[in-house]
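Enquirer: Sequence first, predicted model second:
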Amino acid sequence: SQCKRSGSMKIIEFESMNVTGTIPSELSSLQDLQQLYLEKGGLTGSIPPSLGDLTNLRVIDLNFNSLTGPIPKELGGSDRLVVLDLNDNYLSGDLSVLDDLPGLALIQLQDNAFTGIIPDVDLTNLLVFQTHGNELSGSMPQTYCGKLESNGGSLKSLTADCAEVECDCCTECGVGAVDDDTILEGPGNNEVPVDDDVVLVPSAMPSAQPSASIATAPIYSTEIQCCGMTAKEREENLQNVLKDVSDINLISDSFSPQGKAFNWLLYEDGVCMCPNDSSLVQRYVMAVFYFSTNGDSWTSCSADPEETDCEGGVRYLSPVDVCTWKGSQCKRSGSMKIIEFESMNVTGTIPSELSSLQDLQQLYLEKGGLTGSIPPSLGDLTNLRVIDLNFNSLTGPIPKELGGSDRLVVLDLNDNYLSGDLSVLDDLPGLALIQLQDNAFTGIIPDVDLTNLLVLQTHGNEL
């Protein structure tokens, strides 16, 4: 169970936990429920029609159970529904409910006992539509064929039993036609970030639903057309630029912070960035920072206005210049100068991509819950003056690469779990304030002529 900050139920998630019995109609009383995952169990009976009363529901994922009966026509009342994943049950009846669910992006109905024809519905957000392994007939509407990636659209997978359903455009035909992981892949977890004004869809198959982290990376409608390119051309060109900032495998992993940031840029960001935009890399890096530090859990100025307030600032991921986002300050030229967060529940890890902000001078990430190590790539920031990461849960040594930050004046790392020796101080002669207390450093204190030194605190270690 996961709840909203208000305390109302937001997500119910069970997978491979021997969840049997029936789905109770009383779930319809959870009016803020957005995601329902009851996968790979032994559920029997029918899908309660009352689920259609859940007007905030985005995801229904009931795959690999033993459910019977039709898809209730009442589900047409869930007009925000984006994912309908019902594959591998014993469901029957026709698919007419799709007429009333135009926002669907991922539809997995394969391996059931559905009959009738496939409705001709203009599903503008459609990414995956799998119908094989049923008793359907007729022909595949050309509306879906026109949405395939091969035709410049967003539809990645379109399947049917082509012997019964005439389909000359299906990506695969027949039972077991598609391996979910080959369409959209990557480890992550189940929470789909939801904004009332944006239609989102998880970028991996809910039938292969991942486990814990922060939020399933969103994939949104690729119907956005800008930069004078098709959606596919823009995606490829953006990826070509950003592969010099992040590992391409991370960008392609929709559950990594990098993949989440890339998908946000591509499908949700209200500022339609083009591959040749001078601010593209900076916008991408700040989005990576948001997802890497679990921005949805910040206590202020997270992307969702329902979850946090944002007094005196602009929310992260807002469709404005990143220089106006909370905690960000830029130079007159528009390049990032200062990142500053204190006591805002900034958790997760510090992304190495910050090293691409070449004009960054001050980095304050204080009094949060950051884990992992200090990225060695911060040493590439030759203009960096301040590193203040105190009161977190960082581990590992101070990277020797920080010796490349020859303008560094403040190194404030107290109250973490850092270890190793202090030899990096040999390469930082400009330091004026050094706070290393209450860590687990070992070895000796180096003899360095720090001509600007004002404060040197090393107590609470193993020196």
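Expert: Perfect, I can see it now.
Enquirer: remind me which residues of this structure are low pLDDT?
Expert: Within the chain, the segments meeting pLDDT under 70 span 175-225.
Enquirer: Next up, the contacts around the nearest residue to Tyr290 once chain neighbours are set aside.
Expert: Among residues not flanking Tyr290 along the chain, Tyr316 sits closest, at 4.9 Å (Cβ to Cβ, 6 or more residues apart in numbering). (Each C-beta comes from the backbone N, C-alpha and C, glycine too.) For Tyr316, the contact set (Cβ atoms under 8 Å, 6 or more residues apart in numbering) comprises Met286, Tyr290, Gly295, Trp298, Cys301, Ser302, Ala303, Trp325, Lys326.
Enquirer: again, but for Ser292
Expert: Pro257, Gly348, Thr349, Ile350, Pro351.
Enquirer: same deal with Ser50?
Expert: Ser25, Leu27, Ser28, Glu74.
Enquirer: can you do 10 Å?
Expert: Ile23, Pro24, Ser25, Glu26, Leu27, Ser28, Ser29, Pro72, Glu74, Gly77 (Cβ atoms under 10 Å, 6 or more residues apart in numbering).
Enquirer: What backbone torsions are found at the fourth one?
Expert: Which is Glu26. Here is the backbone geometry of Glu26 (degrees, to the nearest 10): phi -60, psi -20.
Enquirer: what's the distance between it and Leu394?
Expert: Using Cβ to Cβ, to the nearest Å, one obtains 45 Å as the distance from Glu26 to Leu394.
Enquirer: and what of the last one?
Expert: As defined by Cβ to Cβ, Gly77 lies at a distance of 48 Å from Leu394.
Enquirer: Could you identify the most distant pair in the contacts of Ser50?
Expert: Largest separation among these by Cβ to Cβ: Pro24 and Gly77, giving 18.2 Å.
Enquirer: These two - which one has more neighbours?
Expert: Neighbours around Pro24 and Gly77, counted as other Cβ atoms under 10 Å, are more numerous at Gly77. The numbers are 18 against 11.
Enquirer: roughly how far apart are Asn56 and Leu418?
Expert: Counting by Cβ to Cβ - Asn56 and Leu418 are separated by 43 Å.
Enquirer: For stretch 132-146, list the C-alpha coordinates in CSV.
Expert: The C-alpha coordinates for stretch 132-146 follow below in CSV (Å, rounded to 0.1, in the frame of the first residue of the first chain):
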residue,chain,number,x,y,z
HIS,A,132,-3.2,-12.4,-29.7
GLY,A,133,-4.4,-15.7,-28.1
ASN,A,134,-8.1,-14.9,-28.1
GLU,A,135,-11.1,-15.8,-30.3
LEU,A,136,-11.3,-12.4,-32.1
SER,A,137,-12.3,-12.1,-35.8
GLY,A,138,-12.6,-9.5,-38.5
SER,A,139,-9.6,-7.3,-39.4
MET,A,140,-7.3,-5.0,-37.6
PRO,A,141,-8.5,-1.4,-38.1
GLN,A,142,-6.2,0.7,-40.2
THR,A,143,-6.3,3.4,-37.4
TYR,A,144,-3.9,1.3,-35.4
CYS,A,145,-1.7,0.5,-38.4
GLY,A,146,-1.2,4.2,-39.0
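Enquirer: Could you pull up the residues touching the closest residue to Gly369 other than its chain neighbours?
Expert: Excluding the flanking residues, the one nearest Gly369 by Cβ to Cβ, 6+ apart is Thr347, at 3.9 Å. Counting by Cβ under 10 Å, 6+ apart, Thr347 touches 214, 292-295, 297-298, 368-371, 392-393.
Enquirer: In CSV, list those residues along with distance to Cys169.
Expert: Compiled in CSV, the contacts of Thr347 are given as follows (distance: Cβ to Cβ, whole Å):
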residue, distance to Cys169
Ile214, 37
Ser292, 39
Thr293, 43
Asn294, 41
Gly295, 40
Ser297, 43
Trp298, 44
Gly368, 50
Gly369, 49
Leu370, 48
Thr371, 47
Asn392, 52
Ser393, 52
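Enquirer: Mind checking which of the residues you listed are buried?
Expert: Ile214, Ser292, Thr293, Asn294, Gly295, Ser297, Trp298, Gly368, Leu370, Asn392 (16 or more other Cβ atoms under 10 Å).
Enquirer: out of the residues you listed, which one sits closest to Gly312?
Expert: When these are compared against Gly312 (criterion: Cβ to Cβ), the nearest one is Trp298, at 14.4 Å.
Enquirer: quick one: the closest one and Gly313 touch, right?
Expert: No. Trp298 is beyond contact range of Gly313, at 11.1 Å (criterion: Cβ atoms under 10 Å).
Enquirer: so how far is the first residue of stretch 90-105 from its last?
Expert: Stretch 90-105 has an end-to-end distance of 23 Å (criterion: Cα to Cα, to the nearest Å).
Enquirer: For the residue nearest to Ile117 when sequence neighbours are not counted, list the residues it contacts.
Expert: Residue nearest to Ile117 in three dimensions, not counting chain neighbours: Gly138, with 3.7 Å by Cβ to Cβ, 6+ apart. Gly138 sits next to Gly116, Ile117, Ile118, Ala160, Glu164, Val165, Glu166, Cys167 when contact means Cβ under 10 Å, 6+ apart.
Enquirer: Which one (most neighbours) among the residues you listed?
Expert: Ala160 leads the contacts of Gly138 on contacts (other Cβ under 10 Å) with 29 neighbours.
Enquirer: That one contacts Thr131, correct?
Expert: Yes. Applying Cβ under 10 Å, one finds Ala160 in contact with Thr131, separated by 5.1 Å.
Enquirer: Quick check: Val288 is in a helix.
Expert: Yes. Val288 sits within a helix when classified using DSSP: H, G, I helix; E, B strand; the rest coil.
Enquirer: That one touches Asp247, doesn't it?
Expert: No. Val288 lies out of contact with Asp247 (Cβ under 10 Å); the separation is 11.6 Å.
Enquirer: who touches both of these two?
Expert: Common neighbours of Val288 and Asp247 (Cβ under 10 Å, 6+ apart) are Ser256, Gln258, Ser352, Glu353.
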